[in-house]
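Asks: give me a model of this one.
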Amino acid sequence: MAKTLGAVINAALKDIKEPEITEFTSTNILEQALIEEANNAKRDILSRKRFNWGLSRTTLTTSDDITTGTVAVTNGSTTVTSKDDDGVAANNFGSVAAGMYIRVGSDKVSYKVTAVDTDANPDTLTIETAYVGTTSTSAEYTILKDEYGLTTSDLDNVQFATFSDGQTWFGNNRGSGPNNELGIVDMPELLRGSGGDLHRNTSGKPQVMARIIADSSDQPVFKLWPYPTDQYVIDLWYSTKYSENTTFATNLFGGDAPDLAYDAVEYRVCARAQKWDRNYVEQQYWMQQYQLAIINLIRGPTTITPNAMSVATYRRSYGVSVRAESQVYFDTKPAYR
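Replies: Here you go, the predicted structure:
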């Protein structure tokens, strides 16, 4: 069952026959040492594996691309002007174009849009670097968005991301099929996979996403590839940033963390209490329980018997190394327990 920080501290105090408490005292050295140990244990557990429990969810909504009409561009200029198909000035951009990218005709260079004019019907935009292509008064173009920031301040790592295209059954195909799952990659891998050109003739449903930078507000920003040409609502399931627990009634993990995660923290805090009490045999016992709990958490439920440790060995079979596992049982209890 879920346990609060206070419950774990009281279990450790009880183990060394100290009175239980109902709140923390900042000047109590033992209490503060046990609080620190509980946080150390939690941090250690969460660093061992990207567990699928305790995840939070947020969403991002992608944007349509803009291809209406044509644009006028001039070599060496940072200004792009909207035209209709007949080359007459038009208002095809919309203020949403700021922060997006523009690709002109068959050019192999994309330009980030830094500003759109402030008129009610904007017809010009400014790009980050001067245009290096051929001057044209009526070039085809695409304005696209492949970078999306989140306002989620507690996001640590995205574990998985999916979006639905209106179908009702589950699939596991990246970028194709219903309930598409996006691959989570780093930026170098995304660049390699796209051939270095993130906007080359590849668009539609995104297949992978990479975290790139934090924006000016220190919020995470993700790049999608291929860039979306439609609106999709992408569900992001993520692990949260580690935060210290110092409040008596605070749940240690939250979410759907398994009982064993709470037990593991309690074992380690009990070990710290026994060290304080200079009972080193008991300290060793609780640390062994903690290590066994860590093994169980990493491997998943029902895979290891209590007081047993799996040992991996390798044997040769027809010239191929085959992994074989066995469980080694041992008594972890001190003789007097």
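Asks: check which residues of stretch 5-25 are buried.
Replies: Residues of stretch 5-25 classed as buried: 5-13, 15-16, 24 (neighbour count, 16 or more other Cβ atoms under 10 Å). Heads up, the C-betas are built off the backbone N, CA and C, glycines and all.
Asks: how far off centre is it?
Replies: 35 Å (Cα atoms, centre = their mean, to the nearest Å).
Asks: so how far does that stretch reach from one end to the other?
Replies: 14 Å (Cα to Cα, to the nearest Å).
Asks: let me see the mean pLDDT of that stretch.
Replies: Per-residue pLDDT over stretch 5-25 has a mean of 96.
Asks: ok, residue 256 touching residue 51?
Replies: No - the pair residue 256 and residue 51 fails to qualify as a contact (Cβ atoms under 8 Å) at a distance of 10.0 Å.
Asks: just the buried residues of stretch 5-25 now: which is nearest residue 68?
Replies: The nearest member of the buried residues of stretch 5-25 to residue 68, counting by Cβ to Cβ, is residue 5 at 57.0 Å.
Asks: could you check how far the closest one is from residue 109?
Replies: With distances taken as Cβ to Cβ, to the nearest Å, residue 5 is found 55 Å from residue 109.
Asks: any stretches of the stretch 201-337 of the chain with poor pLDDT?
Replies: Across the stretch 201-337 of the chain, the ranges flagged by pLDDT under 70 are 201-203, 214-217, 255, 301-337.
Asks: what segments of it are helices?
Replies: Secondary structure of the stretch 201-337 of the chain (DSSP state H, counting those that start in this stretch): helices at 259-276, 280-299.
Asks: could you pull up the contacting residues of residue 50?
Replies: 157, 159, 239 (Cβ atoms under 8 Å, 6 or more residues apart in numbering).
Asks: quick check: which of the helices of the stretch 201-337 of the chain is buried the most?
Replies: helix 259-276 (a mean of 22; mean count of other Cβ atoms under 10 Å).
Asks: quick one: it to helix 280-299, angle?
Replies: 160 degrees (axes from the mean of the first three to the mean of the last three Cα atoms, to 10 degrees).
Asks: and the contacts of helix 259-276?
Replies: 1-3, 8-9, 11-13, 15-16, 18, 30, 33-34, 37-38, 40-42, 44-45, 53, 252-253, 280, 282-287, 289-290, 293-294, 296-297, 301.
Asks: ok now do the closest residue to residue 153 other than its chain neighbours, which residues does it touch?
Replies: Nearest residue to residue 153 in three dimensions, chain neighbours excluded: residue 219, at 7.1 Å (Cβ to Cβ, 6 or more residues apart in numbering). Shown in contact with residue 219 (Cβ under 8 Å, 6+ apart): 149-153.
Asks: quick one, phi/psi of residue 219?
Replies: phi -100, psi 150 (degrees, to the nearest 10).
Asks: quick one, helices of the stretch 51-200 of the chain?
Replies: Using DSSP H, counting those that start in this stretch, helices in the stretch 51-200 of the chain cover 187-193.
Asks: residue ranges with poor pLDDT in it?
Replies: 85-89, 120-121, 165-179.
Asks: sort out for me which of the buried residues of stretch 5-25 are in helices.
Replies: 5-13, 15 (DSSP state H).
Asks: dump the residues you listed into CSV; add distance to residue 128 as well.
Replies: CSV is the format used below for these (distance: Cβ to Cβ, whole Å):
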residue, distance to residue 128
5, 49
6, 53
7, 55
8, 52
9, 54
10, 58
11, 58
12, 57
13, 60
15, 62
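Asks: tell me the one of those residues nearest residue 96?
Replies: Once Cβ to Cβ is applied, the member of these that ends up nearest residue 96 is residue 5, at 45.6 Å.
Asks: wait, isn't that closest one in contact with residue 245?
Replies: Yes - between residue 5 and residue 245 a contact is recorded at 4.8 Å, counting by Cβ under 8 Å.
Asks: thanks a lot, see you next time.
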